[in-house]
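K.L.:
Here is the input, now give the coordinates:
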Amino acid sequence: MRPYLSDWHLAFRRFSSVKSKLKSHFQFGIYQSQLLTINPAEDSWSKRYATMPEKIQDDAVKDDPISNMLVDSFGRLHTYLRISLTERCNLRCQYCMPAEGVELTPSPLVMSQSEIIRVANLFVSSGVNKIRLTGGEPSIRKDIEEICSQLSNLKGLKTLAMTTNGLALARKLPKLKDCGLNLLNISLDTLVPAKFEFMTRRKGHERVIESIYRAVDLGYNPVKVNCVVMRGFNDDEICEFVELTKNKPINVRFIEFMPFDGNVWNVKKLVSYAEMLDIVGKRFTGLQRIKDHPTETAKNFTIDGHQGTVSFITSMTNHFCSGCNRLRLLADGNLKVCLFGPSEVSLRDPIRNGADDNELRQIISAAVKRKKASHAGMFDIAKTPNRPMIHIGG
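P.N.:
Now for the predicted structure:
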C-alpha cells in the first residue's frame, strides 16, 4: 500500500495547520510577473515553461465581425460565457463553502430557464462561441436537459461544456450528451475516499470515479478532471493523478488554490505551478508543452506513452489575464466580468423590468468596458471582499 493511502489522517492535520518552511518552496524576494519560482539551483521544468500567454492580436478583433459589446478597453475579445445555473450543491467542499454554510438566493430570484436562454442567445449572437454550465452543482437543476438542448441549438455556439462534481452525473450523462453537452470537466481533489469525505463533508467518492469512466465510455475526449492542489492535503497525490492519463483520454488539470470568501485561504496551502511542474517532470519522462491558444487558461502538457494530458491552472502565480476572454452570468442574474473582482451588474432586474435586447446590450457593453487589465494579485485578492465560490460558479 502506498504511504499516502495509509497515512491520510496525518494529511488532515497537516492541511489544517500547515507549518511548511516557505523558503524551501518560494522566493518572495523574486516575485516578478506574479510568478513564484522554486529554488533556482534546482533543475526546474517550470523555468522552461512558466510563460505568460500571448496577448490577443489586434487583428483578431478587427477581423471578427462581432458586436463591440464583447470587446473591453484593452482589446480583449470575450467569446466564452460561463453560466451558473444554481447556487445549490450536493457537496460542501471546504474551499468552496464556509463551514457555517451560505445564504442562498431565494428561488424566485434565480434566473429562469427562459431568462437564461434569452441572455445566452444575446451573447452567442454577438460572438460568444463557448458556454460552460456551472453551479453550485448544475446537474441537480431539474431542467438541466432542456437547458442543454436549447443552448446547443443556438446558431454560432460551438462548445457547450459543464463543470460538475460528478456525484449525480453517471445516470444523467447519456441524456445530457444527446442534448448537446459536448465537453465535460469533473472535479476530484483526491483519490482517497476518506480524504474526499473530509474535504467535501459528504460521501460519494466512488460515484465521482464512476462518472469519470462513464464519460470516457460515452466518447468524451478528453474527459477533464479538475484537481485543486492544497499543501498538506493532496499535494502528495499529484503523480497518482497523472497516472490517470496513462491509458485513457483524461486531461488532469491541477489548479492553484485560490482565495474566495469563506475558504480561509492561506499562502502556506498554495502549491505553485512551478513546484507542481517540477514534481511531475522529475517523475515522468517526455513532458512536453503543447502550444496553447492565446486565450487558454491552462498550460497543457503531453507525456510520452500517455494517452491523456496534464494541465496547470496558474491563476495565482502566473496569471493569464492578458488573454482573458471569459464572462460569468451568476445564478441570480448578475454579470461578473472578472472571477476575482467584486464588481457585478444585474441582467435579471432589467429583464424583469421589460428591457429590450438593445438595452441589455448597452448594460453588458458598459460592464465589459470597465473590466480591468488584470486581477490585483493573490495577496490583495485574499483581502478583497468577494462571494464564496459556490455563489460565483466553478
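K.L.:
Rank the helices and strands of the protein by mean pLDDT and give me the bottom one.
P.N.:
helix 45-49 (a mean of 40; mean pLDDT, DSSP states H and E).
K.L.:
Can you report how many residues lie near residue 327?
P.N.:
Using other CB atoms under 10 Å, the number of residues around residue 327 comes to 23. Using the backbone N, CA and C atoms, a C-beta is placed for each residue, glycine as well.
K.L.:
quick one, what contacts it?
P.N.:
For residue 327, the contact set (CB atoms under 8 Å, 6 or more residues apart in numbering) comprises 78, 80-82, 123, 335-337, 368.
K.L.:
which residues of the stretch 51-200 of the chain score low on pLDDT?
P.N.:
Judged by pLDDT under 70, the stretch 51-200 of the chain has its weakly predicted residues at 51-67, 99.
K.L.:
mind listing the strands for this protein?
P.N.:
Taking DSSP state E, the strands of the chain run over residues 80-84, 130-134, 159-164, 183-187, 223-229, 250-256, 288-289, 298-302, 309-313, 326-329, 334-336, 345-346.
K.L.:
Sheet-wise, list the partners of the last one with their directions.
P.N.:
It stands for strand 345-346. Strand 345-346 has the following sheet partners, assigned by DSSP bridges: strand 334-336 (antiparallel).
K.L.:
who touches the partner strand?
P.N.:
Applying CB under 8 Å, 6+ apart, the contact partners of strand 334-336 are 327-330, 343-348, 363-364, 367, 392.
K.L.:
In that strand, which residues are buried?
P.N.:
If you call a residue buried by 16 or more other CB atoms under 10 Å, then strand 334-336 has these buried ones: 334-336.
K.L.:
List just the nearest of the residues you listed to residue 199.
P.N.:
residue 336 (25.4 Å; CB to CB).
K.L.:
which residues pair with that closest one across the strands?
P.N.:
Bridge pairing for residue 336 (DSSP bridges) gives the partners residue 328.
K.L.:
begin at 48 from here
P.N.:
Done: numbering now begins at 48, and the last item shifts to residue 383.
K.L.:
for the stretch 98-247 of the chain, what spans make up the helices?
P.N.:
Here the stretch 98-247 of the chain has its helices, by DSSP state H, counting those that start in this stretch, at 105-109, 160-172, 191-199, 220-225, 240-247.
K.L.:
Among these, which comes closest to residue 116?
P.N.:
Of those, the one closest to residue 116 (CB to CB) turns out to be helix 160-172, at 8.6 Å.
K.L.:
which secondary structure elements does the closest one contact?
P.N.:
Judged by 3 or more CB pairs under 8 Å, 6 or more residues apart in numbering; DSSP states H and E, the packing partners of helix 160-172 are strand 127-131, strand 177-181, helix 191-199, strand 373-376, helix 395-399, helix 404-416.
K.L.:
closest to residue 419 out of the strands of the chain?
P.N.:
strand 381-383 (12.6 Å).
K.L.:
Turn the helices and strands packed on helix 160-172 into TSV, including distance to residue 289.
P.N.:
Output for the helices and strands packed on helix 160-172, formatted as TSV (distance: least, CB to CB, whole Å):
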stretch	distance to residue 289
strand 127-131	27
strand 177-181	24
helix 191-199	31
strand 373-376	27
helix 395-399	42
helix 404-416	37
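K.L.:
Those: which one's closest to residue 275?
P.N.:
strand 177-181 (14.6 Å).
K.L.:
What strands flank the closest one, and is each parallel or antiparallel?
P.N.:
strand 127-131 (parallel), strand 206-211 (parallel).
K.L.:
where's that strand relative to the chain centroid, distance-wise?
P.N.:
11 Å (CA atoms, centre = their mean, to the nearest Å).
K.L.:
Can you name the residues in contact with that strand?
P.N.:
Applying CB under 8 Å, 6+ apart, the contact partners of strand 177-181 are 126-132, 167, 170-171, 191, 194-195, 198, 204-210, 230, 232, 440-441.
K.L.:
picking up where we left off before, okay, the strands of the chain in CSV with distance to residue 121 next?
P.N.:
Formatted as CSV, those follow (distance: least, CB to CB, whole Å):
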stretch, distance to residue 121
strand 127-131, 16
strand 177-181, 20
strand 206-211, 24
strand 230-234, 27
strand 270-276, 28
strand 297-303, 23
strand 335-336, 26
strand 345-349, 21
strand 356-360, 22
strand 373-376, 14
strand 381-383, 17
strand 392-393, 19
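K.L.:
between those, which one is nearest to residue 141?
P.N.:
Nearest to residue 141, of all the strands of the chain, is strand 270-276, at 9.9 Å by CB to CB.
K.L.:
elements contacting that closest one?
P.N.:
So strand 270-276, by 3+ CB pairs under 8 Å, 6+ apart, packs with strand 230-234, helix 252-264, helix 285-290, strand 297-303.
K.L.:
Save those as TSV, and put in mean neighbour count and distance to residue 240 too.
P.N.:
Shown next, in TSV, are the helices and strands packed on strand 270-276 (neighbours: other CB atoms under 10 Å; distance: least, CB to CB, whole Å):
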stretch	mean neighbour count	distance to residue 240
strand 230-234	22	15
helix 252-264	18	4
helix 285-290	18	14
strand 297-303	24	18
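K.L.:
what's the neighbour count on residue 265?
P.N.:
When counting by other CB under 10 Å, one arrives at 15 neighbours for residue 265.
K.L.:
Which pLDDT value does the model give it?
P.N.:
At residue 265, the predicted lDDT confidence score is 99.
K.L.:
List the backbone torsions phi and psi for it.
P.N.:
Residue 265 adopts backbone torsions of phi -80, psi 0, taken as degrees, to the nearest 10.
K.L.:
thought it was touching residue 217?
P.N.:
No - with contacts counted by CB atoms under 8 Å, residue 265 stays clear of residue 217, the gap being 9.8 Å.
K.L.:
That concludes my questions; thank you for your assistance.
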